[in-house]
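A.B. asks: any chance you could fold what I've pasted below:
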Amino acid sequence: MANVQKSKCPGCGAAQVKKFRPFCSKRCADMDLGRWFTGAYAVPSEELPDEFDIGMDEGMDDRPLRDAGSEDGY
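C.D. replies: Presented below is the predicted three-dimensional model:
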């Protein structure tokens, strides 16, 4: 039979329990979930501008916003 290495809990290194796999207990699973919620785990990325933000500064002038009740629309 091949040597099968038992996986360990990523939280504390104890043996995994099938019910909480890949963790050993609900406590370790909850602690890991808390790390995700607080942002301790994050995928590094370069934030790209939204479509709405692209070109917003170009062509802008100091005219006030259009008033629906005005005759010329500005």
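
A.B. asks: okay, how far is it across stretch 18-30, tip to tip?
C.D. replies: 16 Å (Cα to Cα, to the nearest Å).

A.B. asks: what comes up buried for it?
C.D. replies: 20, 23-25, 28-29 (16 or more other Cβ atoms under 10 Å). Using the backbone N, CA and C atoms, a C-beta is placed for each residue, glycine as well.

A.B. asks: list of residues touching it?
C.D. replies: 7, 9-12, 14-17, 32 (Cβ atoms under 8 Å, 6 or more residues apart in numbering).

A.B. asks: check the gap between Gly13 and Cys24 for me.
C.D. replies: Here Gly13 is placed at a distance of 9 Å from Cys24 (Cβ to Cβ, to the nearest Å).

A.B. asks: rewinding a little: let me have the contacts of stretch 18-30 in JSON lines, extended by pLDDT.
C.D. replies: Supplementary listing: those in JSON lines, determined by pLDDT from 0 to 100:
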{"residue": "Ser7", "pLDDT": "89"}
{"residue": "Cys9", "pLDDT": "96"}
{"residue": "Pro10", "pLDDT": "93"}
{"residue": "Gly11", "pLDDT": "92"}
{"residue": "Cys12", "pLDDT": "96"}
{"residue": "Ala14", "pLDDT": "96"}
{"residue": "Ala15", "pLDDT": "96"}
{"residue": "Gln16", "pLDDT": "95"}
{"residue": "Val17", "pLDDT": "94"}
{"residue": "Asp32", "pLDDT": "96"}
